[in-house]
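# sequence unknown, structure follows:
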């Protein structure tokens, strides 16, 4: 989770990613952020995020993103 939080803070250092649960709904992350995030996650965690995974529910919070990563690692 720490690696993911570092990636997210690199995108938006002003956001408290540990408590924010509306990253998409509140338009904190935009499409460019998502593309960057997917690339960083792929590199750091060695997982492949497919188009079918690109739904708001998977990116609304750091916890949701981390759960997706764990699911893809299995």
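Ah, there it is. Nothing here was measured: the structure is a model prediction, and the numbers come from that model.

# where's the closest residue to residue 3 other than its chain neighbours relative to residue 58, distance?
Excluding the flanking residues, the one nearest residue 3 by C-beta to C-beta, 6 or more residues apart in numbering is residue 44, at 5.5 Å. (Each C-beta comes from the backbone N, C-alpha and C, glycine too.) Summarising the geometry, the distance separating residue 44 from residue 58, computed by C-beta to C-beta, to the nearest Å, is 17 Å.

# now do residue 20
For residue 20, the distance to residue 58 (C-beta to C-beta) stands at 15 Å.

# quick one on the thing from earlier: comparing residue 44 and residue 58, which shows the higher neighbour count?
For residue 44 and residue 58, the more surrounded residue by other C-beta atoms under 10 Å is residue 58, and the numbers stand at 18 against 13.

# Could you check how far the more buried one is from residue 1?
Here the distance between residue 58 and residue 1 works out to 15 Å (C-beta to C-beta).

# same check, this time on residue 35
Relative to residue 1, residue 35 is positioned 22 Å away (criterion: C-beta to C-beta).

# Tell me where this structure has helices.
For the chain, applying DSSP state H gives helices covering 2-11, 31-45, 56-59, 62-73.

# Looking at those helices, spot the one closest to residue 25.
The minimum distance between residue 25 and these falls on helix 56-59, with 7.0 Å, by C-beta to C-beta.

# show me where pLDDT drops low in this structure?
Low-confidence segments of the chain, defined by pLDDT under 70, are absent.

# Next, name the residue at the spatial heart of it.
For the chain, the residue nearest the mean C-alpha position is residue 65 (4.5 Å; C-alpha atoms, centre = their mean).

# which non-adjacent residue is nearest residue 64?
residue 58 (5.6 Å).

# now do residue 8
In space, not counting the residues next to it along the chain, residue 8 is nearest to residue 17; the distance is 4.6 Å by C-beta to C-beta, 6+ apart.
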